[in-house]
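S.K.: Pasting a predicted model and its sequence here:
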Amino acid sequence: MAIRNIIKEGDPFLNKVCHPVEKFDDKLATLLDDMAETMGEADGVGLAAPQVGILRRAVVIDIGEGPIELINPVFLEQSGEQECVEGCLSSPGQYGVTKRPMHVKIRAQNRKGEFFELEGEALMATVCCHEIDHLDGILFKSHVIHMLDEEELEQLK
Ligand code: ZN
């Protein structure tokens, strides 16, 4: 496994739409392993392939309940609403209040190409939305109602 460089906001690469994953091979497994390690090292809860320079529809998530890999994820359901405080490994030190669905249901593939469904509530729903947005070139700031100022950031710590 290896730590990969995380692309930062402002790089036009992050605004590109990713292609579906078609080959479920060793290269994909290596990418996913590297993404998990990179996310852990950066103390993040989610990382999308475009953030490490790969324009493919692959995401890793770990909100403290174990790692989840979503390949070619699609939403089946989105319901409810919540306000979240969100950040992004591509925008270090910046956080904003966003509105996201409270509940999501997703269909995706695992690293072997097998389909599965995942339901997420609260933080899990937020992270899923945030990461899947990355695959369509959308950053969390397009959902932000209010960016936190220095005083509010201090209270977050
Ligand atoms: Zn992000």
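M.R.: Looks like it arrived, so ask away.

S.K.: for the helix or strand hosting Lys99, what is the average pLDDT?
M.R.: Here Lys99 sits within strand 91-100, counting by DSSP states H and E. For strand 91-100, mean pLDDT is 96.

S.K.: and what of stretch 11-22?
M.R.: 96.

S.K.: For it, list the C-alpha coordinates in PDB.
M.R.: Extracted C-alpha coordinates of stretch 11-22, given in PDB (Å, rounded to 0.1, in the frame of the first residue of the first chain):
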ATOM      1  CA  ASP A  11      -7.200  22.100  -9.400                       C
ATOM      2  CA  PRO A  12      -9.700  21.700 -12.300                       C
ATOM      3  CA  PHE A  13      -9.200  17.900 -12.100                       C
ATOM      4  CA  LEU A  14     -11.700  18.000  -9.100                       C
ATOM      5  CA  ASN A  15     -14.400  19.400 -11.300                       C
ATOM      6  CA  LYS A  16     -14.300  16.600 -13.900                       C
ATOM      7  CA  VAL A  17     -17.000  13.800 -14.200                       C
ATOM      8  CA  CYS A  18     -15.500  10.400 -13.500                       C
ATOM      9  CA  HIS A  19     -15.900   7.300 -15.700                       C
ATOM     10  CA  PRO A  20     -17.400   4.100 -14.500                       C
ATOM     11  CA  VAL A  21     -15.100   1.400 -13.200                       C
ATOM     12  CA  GLU A  22     -15.100  -1.400 -15.800                       C
END
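
S.K.: Buried residues, the strand holding Lys99. List them.
M.R.: Of all the residues in strand 91-100, those buried under the rule 16 or more other CB atoms under 10 Å are Ser91, Gln94, Tyr95, Gly96, Thr98, Arg100. Glycine gets a C-beta too; all of them are placed from N, C-alpha and C.

S.K.: Any chance of these in TSV with distance to Ile63 as columns?
M.R.: Shown next, in TSV, are the buried residues of strand 91-100 (distance: CB to CB, whole Å):
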residue	distance to Ile63
Ser91	19
Gln94	20
Tyr95	16
Gly96	19
Thr98	16
Arg100	14
